[in-house]
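[1] pasting the structure only:
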C-alpha cells in the first residue's frame, strides 16, 4: 500500500487523439514580463490547468506535505499512463526524477519544468515546425516535482537572492524550519526530506536531476553541472557520468540551443567566493559529502545530476538554459534507457557481492583533485539597481573571454576501508536509544534484521580516542568529530539487537551513514552524542561484523 505518495491522485482519461483545444497556461514569469516567479498557489493552478487538458500521459499527484502543511506536487509523465510505482516497474522503462526549488530563491527550475509540462500537453515546435513532445514520453517514466521547498518559496523578499538578476522578489533558501533541505539528504530531519526519501524507495528513479541556481563567482557560463562527487559511489556510475554523460550533455545543449555549460565551480579564497581568477587554486567544485542530495543519491547506485543556472544571467535566459538542459537529459535517458538500467542493476549486484565477501571498498574522507588545466569561460558584468526594488543586481553582459586554469572538479577518496559485512545496534539503554538512527535508516529504505535470540559474537568495537563538537551551530546541530580505537572483542547481542547488513543494494549508503569513521555520517550529526560526548574511553553502542 502506498503512503503519502498517492494520498491525492488526480487521474485523467485513458485516451487522447489530439492536442487540447483550450489555450495553454502561461507561467507567472511570462505573464509578468519576468518580474515575478510563481507562488505555491500559482504552481498548483498551473497544474490544475494541465490536468483539465485531459492528456492521459500526464498524471498530477503529490508525494508529501511541507512542515507547514503545503502539498508537494508530483507529476508523472508516461505513455501509456502510469499512476503508481508498481505500474512503473511493470512498464520496464527507466524512471527519471526531476526536482526543482529545493532552495526556494533559486526559481529557474520551477518555471522551466512547468514550461516542459506544457510542451508535453500542448506540444512544442519541432525541427520541422510541427508540434512535438519535448522528449520521447513513451520511453521513460518521468517524475517531476516542481516545488519541493513549498514553504520557503512563498517567503518572498528582495534580499533573499542578493545580486541575482531578477525576479524582483524570490523565496528563501531554507524551509519553514530554517533547515537547508540540500543539507538534509542523509539525516532526514525535515518532513520534505523524509517524503523525498519515501519517493526514492517507492519509485526507485535510476536518474535524479536536482535544479538550482548558483550565486557564487562570476563566470561565462549559462549553466554549470555536477554528477555525484562522493568517491565511494560505484566507480562505474562515476565514470559514466564524468566521462560520458555530462560532456555529451554539454555538447548537445551548446549545439542545439547555444548555451554554454561547464562543471560547477567557483574561485575561492578561504572558503569565500571571489571573482578574481586564481591560476593556482583554479576552478573548484563544491563538496563530496552525502548531506548534499546528488551525492547521497549516487550512493544508492543511481545516476544524479546537479544543474546550476547562472545567477547573473537574466531571468529568461536562466529559465531557457535550465529547460534546455533538462530536455536533453530526458532525451539522452530515453536513448540510453537500456544502458542506464543495466549499469544501475550491475552496480546493485556488485555492491551486494563485494560486501558479502568483505571487499566493498569505501572511503572515510575525500580530497579535491585537479582534472588538469582546462579553458574556462569568463564574462564581465556590471552592477545596476533593480527598477522595482532598488536592490543592486549583477548583469552579466560583457564579452566572453577564456582563461586556462586547473579544474578542481572531482575528488579522490582518503582513508580507504573495507566495509564490514554488517553493523549491530543494541537495544536502548540508559545511555543511548537507537530509535532515531533506526528511523533514518528505515526511511532511506535500508533493510534491517532483528536478532531473535540473545547470543555472543566476535565484533569490532569502537572506543572513543578523541572527540569534539563544533562551537557554532549548523543546521541546528553542533557537528561532531571523533576518532576511535577499533579492536575485535566478544560482545553479548541481546534479543532485539538490530543487524544492519551491508550486503544490500544500499550498502554504500549504509557505510556512509552508519560507520563512525565516515566524515558525514549520523555520528557527525550528533545522533550518538549521548555516548560519544562522554569522551575518550567510551565504547560506542555500535558494533561491526567482519
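    Looks like it came in fine. For clarity, every value in this text was computed on a predicted model and none was experimentally measured. Numbering: from 1, shown residues only.

[2] going forward, measure contacts and count neighbours with C-alpha atoms only.
    OK.

[3] any low-confidence regions in the stretch 1-150 of the chain?
    By pLDDT under 70, the low-scoring segments of the stretch 1-150 of the chain are 1-17.

[4] let me see the ranges of the strands in it.
    Here the stretch 1-150 of the chain has its strands, by DSSP state E, counting those that start in this stretch, at 58-65, 71-77, 95-100, 124-125, 131-132, 141-145.

[5] make JSON lines from these and add mean neighbour count and distance to residue 332 to it.
    Below are the strands of the stretch 1-150 of the chain laid out as JSON lines (neighbours: other CA atoms under 10 Å; distance: least, CA to CA, whole Å):
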{"stretch": "strand 58-65", "mean neighbour count": "24", "distance to residue 332": "20"}
{"stretch": "strand 71-77", "mean neighbour count": "24", "distance to residue 332": "16"}
{"stretch": "strand 95-100", "mean neighbour count": "24", "distance to residue 332": "11"}
{"stretch": "strand 124-125", "mean neighbour count": "15", "distance to residue 332": "18"}
{"stretch": "strand 131-132", "mean neighbour count": "16", "distance to residue 332": "17"}
{"stretch": "strand 141-145", "mean neighbour count": "25", "distance to residue 332": "13"}
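
[6] who wins for proximity to residue 346 among the ones you listed?
    strand 95-100 (16.6 Å; CA to CA).

[7] got the angle between that closest one and strand 71-77?
    Computed with axes from the mean of the first three to the mean of the last three CA atoms, to 10 degrees, the direction of strand 95-100 lies at 140 degrees from that of strand 71-77.

[8] any residues touching strand 95-100, and which ones?
    With contact meaning CA atoms under 8 Å, 6 or more residues apart in numbering, strand 95-100 is reached by 88, 107, 109-110, 113, 140-148, 203-212, 330, 333.

[9] so which of the residues you listed are in helices?
    Judged by DSSP state H, the subset of the contacts of strand 95-100 located in helices is 88, 109-110, 113, 203, 330, 333.

[10] any idea which of those has the most stuff around it?
    Within those, most neighbours by other CA atoms under 10 Å means residue 109, with 32 neighbours.

[11] who's in contact with that one?
    By CA under 8 Å, 6+ apart, residue 109 lies in contact with 99-101, 146, 211-212, 319, 322-323.

[12] quick one: which of the ones in helices among the contacts of strand 95-100 is nearest residue 306?
    Using CA to CA, residue 109 comes nearest to residue 306 of the ones in helices among the contacts of strand 95-100, at 11.3 Å.

[13] count of neighbours near residue 31?
    Using other CA under 10 Å as the criterion, the residues surrounding residue 31 number 12.

[14] again, but for residue 487
    11.

[15] am I right that it is in contact with residue 461?
    Yes - when contacts are counted by CA atoms under 8 Å, residue 487 is listed as touching residue 461 (5.5 Å).

[16] average pLDDT across the host helix or strand of residue 512?
    Using DSSP states H and E, the element containing residue 512 is helix 507-514. For helix 507-514, mean pLDDT is 98.

[17] list the buried residues in whatever helix or strand comes next after it.
    Sequence order places helix 529-532 as the next helix or strand after helix 507-514, per DSSP H and E. By neighbour count with 16 or more other CA atoms under 10 Å, helix 529-532 contains the buried residues 529, 531-532.

[18] which of those residues lies closest to residue 377?
    Each of the buried residues of helix 529-532 was scored against residue 377 by CA to CA, and residue 529 proved nearest at 46.0 Å.

[19] which ones are touching residue 148?
    72, 99-102, 192.

[20] repeat the analysis, applying 7 Å as the threshold.
    For residue 148, the contacting residues are 72, 99-102, by CA atoms under 7 Å, 6 or more residues apart in numbering.

[21] hmm, which helix or strand of the protein has the shakiest average pLDDT?
    Lowest by mean pLDDT, DSSP states H and E among the helices and strands of the chain is strand 124-125, with a mean of 88.

[22] what helices or strands is that strand leaning on?
    Strand 124-125 sits against strand 131-132, with contacts defined as 3 or more CA pairs under 7 Å, 6 or more residues apart in numbering; DSSP states H and E.

[23] give me the sheet partners of the strand it packs on and which way each runs.
    Strands adjacent to strand 131-132 in the sheet, as given by DSSP bridges, are strand 124-125 (antiparallel).

[24] contacts for the strand it pairs with?
    131-134.

[25] cool, and stretch 309-316?
    With CA under 7 Å, 6+ apart as the contact definition, stretch 309-316 has outside contacts at 34, 164-167, 212-215, 221-224, 318, 322, 394-396.

[26] in stretch 89-108, what's buried?
    91, 93-108.

[27] ok, stretch 75-87 next?
    Judged by neighbour count using 16+ other CA under 10 Å, the buried positions of stretch 75-87 are 75-78, 80-85.

[28] identify the residues contacting it?
    Residues contacting stretch 75-87 (CA under 7 Å, 6+ apart): 56-61, 88, 137-138, 140-145, 202-203.

[29] could I get the contacts of residue 109 as JSON lines with distance to residue 403?
    Formatted as JSON lines, those follow (distance: CA to CA, whole Å):
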{"residue": "99", "distance to residue 403": "33"}
{"residue": "100", "distance to residue 403": "32"}
{"residue": "101", "distance to residue 403": "32"}
{"residue": "146", "distance to residue 403": "36"}
{"residue": "211", "distance to residue 403": "27"}
{"residue": "212", "distance to residue 403": "25"}
{"residue": "319", "distance to residue 403": "27"}
{"residue": "322", "distance to residue 403": "25"}
{"residue": "323", "distance to residue 403": "28"}
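
[30] of the strands of the stretch 1-150 of the chain, which approaches residue 354 most closely?
    Of all these, strand 95-100 comes closest under CA to CA, at 26.1 Å.

[31] gap between the spatially most central residue of the chain and residue 96?
    Averaging the C-alpha coordinates of the chain gives a centre point, and the residue nearest to it by CA atoms, centre = their mean is residue 293 (3.0 Å). As judged by CA to CA, to the nearest Å, residue 293 and residue 96 stand 15 Å apart.

[32] do residue 147 as well
    Separation of residue 147 from residue 96 (CA to CA): 17 Å.

[33] so the closest residue to residue 517 other than its chain neighbours versus residue 497, what's the distance?
    With CA to CA, 6 or more residues apart in numbering as the criterion, residue 517 has its nearest non-adjacent residue at 6.0 Å, and that residue is residue 364. Residue 364 is 26 Å from residue 497, where distance means CA to CA.

[34] distance to residue 358 for the contacts of residue 148 - can I get that in a markdown table?
    Shown next, in a markdown table, are the contacts of residue 148 (distance: CA to CA, whole Å):
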| residue | distance to residue 358 |
| --- | --- |
| 72 | 41 |
| 99 | 36 |
| 100 | 39 |
| 101 | 40 |
| 102 | 37 |
